[in-house]
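Engineer: With the input below, show me the fold.
(4 chains)
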Protein chains: 4
Amino acid sequence: MRVPIILINFKAYETSYGRKAVQLAKMIEKVSIDTSTEIIIAVPSTMITRISEQVSIPVYAQHVDGLPEGPHTGAITPELIKDAGARGSLLNHSERRVRLDEMDDALRRMKKLGLESVICVDRYELVVPIGMLKPTAVLIEPPELIGSGVSVSKARPEVITNAVQEIRKVDNVYLIAGAGITLGEDVYVAIKLGSDGVGVASAVMKAKDPQKVVEDFVRNAQRALDER
Amino acid sequence: MRVPIILINFKAYETSYGRKAVQLAKMIEKVSIDTSTEIIIAVPSTMITRISEQVSIPVYAQHVDGLPEGPHTGAITPELIKDAGARGSLLNHSERRVRLDEMDDALRRMKKLGLESVICVDRYELVVPIGMLKPTAVLIEPPELIGSGVSVSKARPEVITNAVQEIRKVDNVYLIAGAGITLGEDVYVAIKLGSDGVGVASAVMKAKDPQKVVEDFVRNAQRALDER
Amino acid sequence: MRVPIILINFKAYETSYGRKAVQLAKMIEKVSIDTSTEIIIAVPSTMITRISEQVSIPVYAQHVDGLPEGPHTGAITPELIKDAGARGSLLNHSERRVRLDEMDDALRRMKKLGLESVICVDRYELVVPIGMLKPTAVLIEPPELIGSGVSVSKARPEVITNAVQEIRKVDNVYLIAGAGITLGEDVYVAIKLGSDGVGVASAVMKAKDPQKVVEDFVRNAQRALDER
Amino acid sequence: MRVPIILINFKAYETSYGRKAVQLAKMIEKVSIDTSTEIIIAVPSTMITRISEQVSIPVYAQHVDGLPEGPHTGAITPELIKDAGARGSLLNHSERRVRLDEMDDALRRMKKLGLESVICVDRYELVVPIGMLKPTAVLIEPPELIGSGVSVSKARPEVITNAVQEIRKVDNVYLIAGAGITLGEDVYVAIKLGSDGVGVASAVMKAKDPQKVVEDFVRNAQRALDER
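Structural biologist: Residues are numbered from 1 along each chain as shown, chains lettered A, B, ... in the order given. Okay, the predicted model is just below:
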């Protein structure tokens, strides 16, 4: 992972799969190359192969089960996503929470396979407990702001500030901020407040001109980083 | 779906993904063509595209979430599996149970998209309640026999007999029997007792010579059907 | 169970436990006796004994686990609620859904122990599948109206009408309607449309004068029944 | 809480409810008084009131939901168990796991109400992450040994040793060891290795002479403590 982290969660919108999703991924790759900024995309499990074959930017799964190979109907194991071409996975998103023991199981297997991991968390008080499991990054998102169009940067900047202080207590874990991030200004503030990057979803996935949005996000992320 | 139904659940074994899984799928396709018998394979979500691009036999997902397009991180919606190349999906396997309302939601969306559906159930008393939701087929599997090497055909034939009687109370829903099916004889008995086909997993996925196993299963399925 | 069925779900409000809950239960018992109408109250598991010792009206649990006696930490088994003094239980409320197999397990044990059962369901299409499991009653509640103050009777009367038609396909199972029932008129309409009774919660639990509300509900229930 | 901690989880056995459970609780209280040793009993939610009215030893719930007062059908909130007479609760037992955010929610509410808390955990690596949430105690239990009759003390003493080292990194949180504890010797070893006490269940609940078992446990706990 490279700072600033821009993580785009494709979720399961109509633009999240098929040809539209591949085109979106290619456009994001172009912005990534043009701006020399790493952009991570978390795509549906069915799309990992198709997208990772087409782009060089890091492709993540949106969820992974902490299970070994074996009789697990419907499971998405770390081996499966790695084989499909993923470089890592989101885990514990508010739309797909897991238990702490499952999280630990998943992280152990992911590390063994060299997969990156971004664990979501809904409150800054859980940043250290989860950071101690040593994921690549913790993504803090107040759930009530997710998809709201009201950004954590504006509505609850203290969540970011507190999370940034917490993450310093564990070594080598990035802190990403998310929820409701809509404008370049939201990205700028989140990073200015000390986060290593931002997690976004609907602002890109439902945008009329997603390229403009992504470019704006990257520009603001770099600007905030330069000023720090 | 065509009778006899042979449904092979790939689960998440080491042979269930990557090149091994593609080769296995191709071998199964060959047996399907050689014997003029439809064989359905249920593969991990990450493998649907890769496998369905390589074979002409029906490829199923192992699980599907009954959710519409939208902000559903980690979900596997009917739209996603269809787009990936799936012809249908397993649902409610004992390793991945869902609630009745979720099942109904998933079935409605699957039907709208023209996807087939095989709902698993652990007892014959639930064959009619679930059959009334009109899936393509109900797969009955006593969970304690799954992966045991002891087949439902031998250990609990009355489960099949009762399920066959129950399924007759709903129109146009197939009845598949499964759990512990290991030998051709198990397949023969299951269909002789009135089921429309069998669901298998470890017997194929962990076989030294899976082709021999699948051929044997198909031969016995056809023989049982001919004798009925 | 006796028609008209008035089922008051105490949920977990501040009035649902302690002395307030006992007083409420006694008041409801008084209305029940004065009006010669059975009123069922579903109380928190911690309150079953205290309330059932004080009143003669039927006391239900709000949830029950379909587990046998054994090592089940935190489970509320049918044996436990019966021993505590419950006459039955709600099951599968939208605030506490269970799977179909768990429902069937619970119902089998409850019947063995002579406990009554009210299974909640969110759509009329599931009335028959669940009715086939032979609970004492099915309670239909469109979840979006629960606690809304907008009653199913007014906003979605067709849900009741359809559910009433469905329940006729299974013998000896009552049909109760609920969600958002606030006024006596809501009770009247629900029963006039063919339901055997109503399920209510916040309208009573958060009322300034709950006695007046319950009396009004009973009066309207009886009136609707008389007119049918 | 006082060291040595003896926590008896009643679970849901046939001896866990009704008159048998009350008698068992009284017997345990007698041992507690005779030996001047605190013994905590975790009982089914339906039994909290009946038992806490009869004994002076600490009575715990076996599970609690981290929810506020409100429309939560079937929930067991901190307010409910406190009102019923509980002094605290188990949480996250392997037979009733919860998510980390739910755990944090429950702990906040329990602290506000002055309730004690014992959070179960299946591996020593999670002792600190959970200890940071500041429960009264962490109970470590390798799930594969629970109810096995093979004790953690004998089969996996390193789990205790490691957990003891971990708990020192957080202030003011007790460490309890459990799983398969059957003999006085198991209790002795667990405390000798540094734990503050033991969690037991089947050894007492299924004993022919539970008094003898409890007395033996207390004697060995005190002996280990004296020798440390």
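Engineer: quick one, what contacts the spatially most distant residue from the centre of chain A?
Structural biologist: The outermost residue of chain A relative to its centre, with distances by Cα atoms, centre = their mean, is residue A:71 at 29.2 Å. By Cβ atoms under 8 Å, 6 or more residues apart in numbering or on different chains, residue A:71 lies in contact with B:11, B:12, B:13, B:95, B:146, B:147, B:201, B:202. No exception for glycine: its C-beta is placed from N, CA and C like everyone else's.
Engineer: Tell me how far it lies from residue D:88.
Structural biologist: 39 Å (Cβ to Cβ, to the nearest Å).
Engineer: Run through the helices of chain A in chain order.
Structural biologist: For chain A, the helices defined by DSSP state H cover A:18-35, A:48-52, A:78-84, A:100-112, A:127-131, A:152-155, A:157-167, A:184-192, A:202-205, A:210-227.
Engineer: helices or strands up against the fourth one?
Structural biologist: Translated: helix A:100-112. helix A:78-84, strand A:88-91, strand A:116-121, helix D:100-112 (3 or more Cβ pairs under 8 Å, 6 or more residues apart in numbering or on different chains; DSSP states H and E).
Engineer: Switch those over to JSON lines; also include mean pLDDT.
Structural biologist: Shown next, in JSON lines, are the helices and strands packed on helix A:100-112 (pLDDT from 0 to 100):
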{"stretch": "helix A:78-84", "mean pLDDT": "98"}
{"stretch": "strand A:88-91", "mean pLDDT": "98"}
{"stretch": "strand A:116-121", "mean pLDDT": "98"}
{"stretch": "helix D:100-112", "mean pLDDT": "97"}
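Engineer: any chance of those in TSV, plus mean neighbour count?
Structural biologist: Converted to TSV, the helices and strands packed on helix A:100-112 look like this (neighbours: other Cβ atoms under 10 Å in any protein chain shown):
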stretch	mean neighbour count
helix A:78-84	26
strand A:88-91	28
strand A:116-121	25
helix D:100-112	20
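Engineer: Of the ones you listed, give the one that comes closest to residue D:82.
Structural biologist: Between residue D:82 and the helices and strands packed on helix A:100-112, the shortest gap by Cβ to Cβ is with helix D:100-112, which sits at 8.5 Å.
Engineer: Direction-wise, compare that closest one with helix A:100-112 and give the angle.
Structural biologist: 140 degrees (axes from the mean of the first three to the mean of the last three Cα atoms, to 10 degrees).
Engineer: From the chain's centroid, how far away is helix D:100-112?
Structural biologist: Its chain's C-alpha centre and that of helix D:100-112 lie 17 Å apart, by Cα atoms, centre = their mean, to the nearest Å.
Engineer: ok, residues contacting it?
Structural biologist: By Cβ under 8 Å, 6+ apart, the residues outside helix D:100-112 that reach it are A:97, A:99-100, A:103, A:121-123, A:125-126, A:129-130, D:64-68, D:77-79, D:88-89, D:91-92, D:98, D:116-117, D:119, D:130, D:133-135.
Engineer: List the buried residues of stretch A:205-216.
Structural biologist: Neighbour counts over stretch A:205-216 (16 or more other Cβ atoms under 10 Å in any protein chain shown) mark A:205, A:210, A:213, A:214, A:215, A:216 as buried.
Engineer: Same question for stretch A:16-30.
Structural biologist: Buried residues in stretch A:16-30, defined by neighbour count with 16+ other Cβ under 10 Å: A:16, A:17, A:18, A:21, A:22, A:24, A:25, A:27, A:28, A:29.
Engineer: would you turn those into CSV with distance to chain D and pLDDT?
Structural biologist: Formatted as CSV, the buried residues of stretch A:16-30 follow (distance: Cβ to the nearest Cβ, whole Å; pLDDT from 0 to 100):
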residue, distance to chain D, pLDDT
A:16, 25, 98
A:17, 28, 98
A:18, 33, 97
A:21, 30, 98
A:22, 34, 98
A:24, 31, 98
A:25, 31, 98
A:27, 35, 98
A:28, 30, 98
A:29, 34, 98
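Engineer: Specify which member of these is nearest to residue C:7.
Structural biologist: Nearest to residue C:7 among the buried residues of stretch A:16-30, with distances taken as Cβ to Cβ, is residue A:16, at 42.8 Å.
Engineer: now the helix or strand bottoming out on mean pLDDT in chain A: how far from the chain's centre is it?
Structural biologist: Counting by mean pLDDT, DSSP states H and E, chain A has its least confident helix or strand at helix A:152-155, which shows a mean of 92. In terms of Cα atoms, centre = their mean, the centre of helix A:152-155 is set 18 Å apart from its chain centre.
Engineer: Next: stretch A:45-57.
Structural biologist: A distance of 16 Å separates the centroid of the chain from that of stretch A:45-57, by Cα atoms, centre = their mean.
Engineer: okay, how far is it across that stretch, tip to tip?
Structural biologist: Distance between the two ends of stretch A:45-57: 16 Å, counting by Cα to Cα, to the nearest Å.
Engineer: Show me which positions of that stretch end up buried.
Structural biologist: For stretch A:45-57, a neighbour-count test (16+ other Cβ under 10 Å) marks A:45, A:46, A:47, A:48, A:49, A:50, A:51, A:52, A:55, A:57 as buried.
Engineer: what comes into contact with that stretch?
Structural biologist: Outside stretch A:45-57, the residues within contact range by Cβ under 8 Å, 6+ apart are A:10, A:16-17, A:21-22, A:25-26, A:28-29, A:32, A:38-41, A:43, A:59, A:61-63, A:76, A:80-81, A:84-86, B:45-46, B:48-50, B:74, B:76, B:80-81, B:83-84.
Engineer: before we move on, back to that, briefly note if the least confident helix or strand of chain A comes near chain B.
Structural biologist: No. Under the criterion of Cβ under 8 Å from any Cβ of the partner chain, helix A:152-155 makes no contact with chain B; the nearest approach is 15.9 Å.
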